[in-house]
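Engineer: Just need the structure, nothing else, for what follows:
(4 chains)
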Protein chains: 2
Amino acid sequence: MSEKDLDTANKIKQAASALFLEKGFGRTTTRDIASAAGVNLALVNYYFRSKEELFKTIMMETVQGFIGQLHVLMNDQHTFEEKVELFVSNYTELLKKRPDLPIFMLSEIRNHPEEMAERLGIEQIIKEAKFFQELAQRCPDGIHPVHLFMNLISMTVFPFIGKPIISVGAGMDNETFILMMEQRKQLVPQWFLSMLKPQTEG
Amino acid sequence: MSEKDLDTANKIKQAASALFLEKGFGRTTTRDIASAAGVNLALVNYYFRSKEELFKTIMMETVQGFIGQLHVLMNDQHTFEEKVELFVSNYTELLKKRPDLPIFMLSEIRNHPEEMAERLGIEQIIKEAKFFQELAQRCPDGIHPVHLFMNLISMTVFPFIGKPIISVGAGMDNETFILMMEQRKQLVPQWFLSMLKPQTEG
DNA sequence: ATTTGATTTAAACAAATGTTTAATCCAAAT
DNA sequence: ATTTGGATTAAACATTTGTTTAAATCAAAT
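Structural biologist: So this is what the prediction gives:
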């Protein structure tokens, strides 16, 4: 259904995206891509100038979409607490569907760090976001707001990245893992918000 | 100094390790490796049967060492609070020196998930660790200890993984980033331990 | 019906790459 | 001094892989 009515360029992009995600750039061949897309090999270079260019296109759109969610979320009409909950649950849902996304993005991003950052304009997105102003206000003295933002991202995203080690180490099956991620939709915001309360020094 | 007195096999392993870490398996060529090690191309296949085998060897030793630290740490004679602090500061120091390690391990681990896990015996290491027994005892009702362990790893490791995005997004240079990681040696244990205290619901 | 231009195909090309071979070197043992 | 066996080298081999070419196909416009 949804594959057949795509035009050729999109069939290639979709197939390539899946393969890049699964095996990375270096281990994916143009013949793999053409085969998976069900199109002639030459069409990969016909529609996208090269494998590298195809990769850049896909990477850009992927990261764009990933950050885009953030942009909207951070500026809309919810309370601070709601924003936190939405952040965690939105990204948890996304990562449940596409658990390979973070590693793919982060592992390949190092090859074009400055270029990537510039094109995406992450700096503006983050600095202009209301969420950060609100976070900075509520932040305990002496603790940089970025610390807390790191914690929020870390606790939300890392379990998916570390799943192969953690879940095996803890001896849990996939079902149990997903269940825990569901629990974390509530737990992570609680932990995060408690970090904003003045600590009882120990 | 330290490079010249290595025997050939170790020169190859060391060079290959750096290259795999930097560019991944697919983008690293055997000629790159031989050249970086300063040895003849054929010696790569002479000492290690193939590029794949060389990779597996390096990967296994790397992960082994990474987990090994954990094993010692988790069972020695420190108090629970000390173990937490040691966990964070040890891995922070390690990641300051080798920030590419987590992505390398995690991105390539998916290709051999079951085999990897079995050989490492992560399951035993984790389950037998005193740290986990202590953690389970102190864990608030209804919250699985693995949740909290995830948080500890996440807050310690993820900032290094996400550095390319986070530090650019926040507009900070490398020096500032390292400074923050130093701060986190104290902060992460505080946050982590506060998660063990009964929450004031709200 | 013809033309036009984009799309698709099979085939080939050129370079890169993992691997092997056969000869050479070299140090230790006899 | 000779021998022996591992270590090293230059060269070649066989595939793989990204890319290109030139012909064929097809749909829309004239």
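Engineer: use CA for all of it now, contacts and neighbours both
Structural biologist: OK.
Engineer: Please enumerate the helices of chain A.
Structural biologist: Along chain A, counting by DSSP state H, helices occupy A:8-23, A:30-37, A:42-47, A:51-75, A:80-97, A:101-109, A:113-120, A:122-128, A:130-138, A:145-161, A:163-170, A:174-194.
Engineer: Report the helix or strand with the lowest average pLDDT across chain A.
Structural biologist: Among the helices and strands of chain A, helix A:113-120 carries the lowest confidence by mean pLDDT, DSSP states H and E, at a mean of 65.
Engineer: one step back: lowest-confidence stretch among the helices of chain A?
Structural biologist: Mean pLDDT per stretch puts helix A:113-120 lowest among the helices of chain A, at a mean of 65.
Engineer: Next, count neighbours for the nearest residue to A:Phe48 once chain neighbours are set aside.
Structural biologist: In this structure, A:Phe48 finds its nearest non-sequential neighbour in A:Leu54, 5.5 Å apart by C-alpha to C-alpha, 6 or more residues apart in numbering or on different chains. A:Leu54: 19 surrounding residues under other C-alpha atoms under 10 Å in any protein chain shown.
Engineer: hang on, the earlier thing: with distance to B:Pro189 as added columns, please give the helices of chain A in TSV.
Structural biologist: Listed next are the helices of chain A as TSV, based on distance: least, C-alpha to C-alpha, whole Å:
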stretch	distance to B:Pro189
helix A:8-23	34
helix A:30-37	46
helix A:42-47	50
helix A:51-75	28
helix A:80-97	22
helix A:101-109	25
helix A:113-120	31
helix A:122-128	27
helix A:130-138	21
helix A:145-161	12
helix A:163-170	20
helix A:174-194	13
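Engineer: wait, which of those is closest to B:Thr92?
Structural biologist: B:Thr92 lies closest, by C-alpha to C-alpha, to one member of the helices of chain A: helix A:145-161, at 14.6 Å.
Engineer: can you tell me which residues contact A:Ala37?
Structural biologist: A:Lys11, A:Ile12, A:Gln14, A:Ala15, A:Ala16 (C-alpha atoms under 8 Å, 6 or more residues apart in numbering or on different chains).
Engineer: same question, A:Met150
Structural biologist: If you count contacts by C-alpha under 8 Å, 6+ apart, A:Met150 has them with B:Met155, B:Phe158, B:Pro159, B:Ile166.
Engineer: Make a markdown table from these and add distance to A:Tyr91 and neighbour count to it.
Structural biologist: Output for these, formatted as a markdown table (distance: C-alpha to C-alpha, whole Å; neighbours: other C-alpha atoms under 10 Å in any protein chain shown):
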| residue | distance to A:Tyr91 | neighbour count |
| --- | --- | --- |
| B:Met155 | 17 | 26 |
| B:Phe158 | 16 | 22 |
| B:Pro159 | 17 | 25 |
| B:Ile166 | 16 | 21 |
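Engineer: And the residues you listed, which is closest to B:Gly24?
Structural biologist: Nearest to B:Gly24, judged by C-alpha to C-alpha, of the contacts of A:Met150 is B:Phe158 at 19.2 Å.
Engineer: gap between that closest one and chain A?
Structural biologist: Applying C-alpha to the nearest C-alpha, to the nearest Å, the value for B:Phe158 to chain A is 5 Å.
Engineer: Neighbours of A:Tyr91, how many?
Structural biologist: By other C-alpha under 10 Å, the residues close to A:Tyr91 number 18.
Engineer: Give the buried residues for stretch A:44-61.
Structural biologist: Residues A:Val44, A:Phe48, A:Lys51, A:Leu54, A:Phe55, A:Ile58, A:Met59, A:Met60 are the ones in stretch A:44-61 that count as buried (16 or more other C-alpha atoms under 10 Å in any protein chain shown).
Engineer: what does it contact?
Structural biologist: By C-alpha under 8 Å, 6+ apart, the surrounding residues in contact with stretch A:44-61 are A:Ala9, A:Ile12, A:Lys13, A:Ala16, A:Ser17, A:Phe20, A:Phe25, A:Thr30, A:Ile33, A:Ala34, A:Met105, A:Met116.
Engineer: okay if I get the residues you listed as JSON lines plus neighbour count and distance to DNA strand C?
Structural biologist: Converted to JSON lines, the contacts of stretch A:44-61 look like this (neighbours: other C-alpha atoms under 10 Å in any protein chain shown; distance: C-alpha to the nearest atom of the strand, whole Å):
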{"residue": "A:Ala9", "neighbour count": "15", "distance to DNA strand C": "7"}
{"residue": "A:Ile12", "neighbour count": "24", "distance to DNA strand C": "10"}
{"residue": "A:Lys13", "neighbour count": "21", "distance to DNA strand C": "13"}
{"residue": "A:Ala16", "neighbour count": "26", "distance to DNA strand C": "16"}
{"residue": "A:Ser17", "neighbour count": "20", "distance to DNA strand C": "18"}
{"residue": "A:Phe20", "neighbour count": "20", "distance to DNA strand C": "17"}
{"residue": "A:Phe25", "neighbour count": "20", "distance to DNA strand C": "12"}
{"residue": "A:Thr30", "neighbour count": "17", "distance to DNA strand C": "11"}
{"residue": "A:Ile33", "neighbour count": "25", "distance to DNA strand C": "13"}
{"residue": "A:Ala34", "neighbour count": "20", "distance to DNA strand C": "9"}
{"residue": "A:Met105", "neighbour count": "19", "distance to DNA strand C": "22"}
{"residue": "A:Met116", "neighbour count": "19", "distance to DNA strand C": "23"}
